[in-house]
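Student: A structural model of the following input is requested.
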Amino acid sequence: MKVRVMSRTTEEIHSQPELWRRVASVDTSALPAPDQRIAVIGCGTSWFMAQAYCSMRTAVTGAPSYAYTATEFPYSDVDTVVCLSRSGTTTEVVDVLKKTREAGIPNLLITAVSPGPGTPFADKEIVLDFADEQSVVQTRFATTALAFLLGSLGFDVEAAASDCERALATEIPERWAKAEQITFLGTGWTIGLANEAALKCREASQSWTEAYPAMEYRHGPISIAQPGRLTWVFGKVPEGMADQIAATGAELVTSDLNPLAQLVLAQRVAVARAEDRGLNPDTPRHLTRSVILK
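Tutor: Below is the predicted model of the structure:
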């Protein structure tokens, strides 16, 4: 009997509760003041974590908080720029650090690796090296960085970590691993989580996934729902949506888990789908740990 070896990605996924608890004690004094207008910059997964944080920060503090992918940042109307990069080597993020330094805009780099190419251009740096990863696919660094950022806003990291342990113990139904298509939906800060869940499944398992703000789903995207497909909602399901999804024959996936823990469940589904297709989630095709442009 062939014994399946646990992937590196799976090992890193299972380390998340411990890391969230650890990051809850990291000093947050380097973060922008609550009344500052900020932009949070990231690429790929980091951009989606920025979306989640900025949405909650605006809701909690009232201060405008904008999430940009690095190449689309307009370099205006903010007091501070926060760059989020696991490796600290992503070319577009390093360029933002350089340009903000030149423009006199205060910046902060949150990374797992230091020193790196962006370090000389960062006014401040927060290094979460204990959350670094070996897998190409980001899981634990992204969620740990988000737990750190949300924790500074009063988010209950311990409750999320406890729910994460539940998410890690939850059995993944075979039909989720074999579903033809998955649409992820979110509201407010969980829109970023929905975007990230969809990306994880695409990266790890080459799956057809989409993501939308939940209330936009009925404005067109619901047309692809049908039997054998999943509609996965982070947080509260909007009124009337469950009945509409049921009418399509698609399966509604929802949970009472903290949304951040629910993202961990989606990470596990991404790995399960990869393994079901005979793919190695540690080595997704066409991807590298960091995008470094010549």
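
Student: rest of the way, CA atoms for contacts and neighbours
Tutor: OK.

Student: list phi and psi for residue 252.
Tutor: phi -90, psi 120 (degrees, to the nearest 10).

Student: for it, which non-adjacent residue is spatially closest?
Tutor: If you skip the residues right next to it in sequence, residue 252 has residue 231 as its closest partner in space, 5.0 Å away by CA to CA, 6 or more residues apart in numbering.

Student: any chance you could list what contacts the host helix or strand of the one you found?
Tutor: Take DSSP states H and E as the rule and residue 231 turns out to sit in strand 229-233. Strand 229-233 has contacts (CA atoms under 8 Å, 6 or more residues apart in numbering) with 176, 179-186, 194, 214, 225, 245, 250-254.

Student: residues in contact with residue 57?
Tutor: Applying CA under 8 Å, 6+ apart as the definition, the contact partners of residue 57 turn out to be 63, 65, 150, 153.

Student: and the helix or strand residue 20 falls within, what's buried?
Tutor: Using DSSP H and E, residue 20 maps to helix 16-23. Along helix 16-23, the positions that meet the burial threshold by neighbour count (16 or more other CA atoms under 10 Å) are 16-23.

Student: and the helix or strand following it, average pLDDT?
Tutor: Sequence-wise, the next helix or strand beyond helix 16-23 is strand 38-42, with elements assigned using DSSP H and E. When pLDDT is averaged along strand 38-42, the result is 98.

Student: relative to strand 38-42, what are the paired strands and their orientations?
Tutor: In its sheet, strand 38-42 lies beside strand 65-69 (parallel), strand 80-85 (parallel), with partners assigned from DSSP bridges.

Student: how about CSV for those, with mean neighbour count added?
Tutor: Putting the strands paired with strand 38-42 into CSV (neighbours: other CA atoms under 10 Å) gives the following:
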stretch, mean neighbour count
strand 65-69, 22
strand 80-85, 26
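
Student: which one, of those, ends up nearest to residue 46?
Tutor: Ranking the strands paired with strand 38-42 by proximity to residue 46 (CA to CA) places strand 80-85 first, at 5.9 Å.

Student: off-centre distance for that closest one?
Tutor: Averaged C-alpha coordinates place strand 80-85 at 15 Å from its chain's average position (CA atoms, centre = their mean, to the nearest Å).

Student: pull the residues that contact it.
Tutor: By CA under 8 Å, 6+ apart, the list of residues contacting strand 80-85 reads 32, 36-43, 46-47, 50, 93, 97, 100, 105-112.

Student: can you name the next helix or strand after it?
Tutor: Scanning forward in sequence from strand 80-85 by DSSP H and E, the next helix or strand is helix 91-103.

Student: quick one: contacts of that following helix?
Tutor: Where contact means CA under 8 Å, 6+ apart, the residues beyond helix 91-103 that reach it are 41-43, 70-71, 75, 81, 83-85, 88, 106-107, 117-118, 121-123, 291-293.

Student: which parts of it are buried?
Tutor: Across helix 91-103, burial judged by 16+ other CA under 10 Å covers 91-98, 100-101.

Student: next, the angle from that helix to strand 80-85.
Tutor: Here helix 91-103 runs at 160 degrees with respect to strand 80-85, directions being taken by axes from the mean of the first three to the mean of the last three CA atoms, to 10 degrees.

Student: chain center to whatever helix or strand comes next after helix 91-103, what's the gap?
Tutor: Per DSSP H and E, helix 91-103 leads on to strand 107-111 as the next helix or strand towards the C-terminus. Centroid separation between strand 107-111 and its chain, computed with CA atoms, centre = their mean, is 17 Å.
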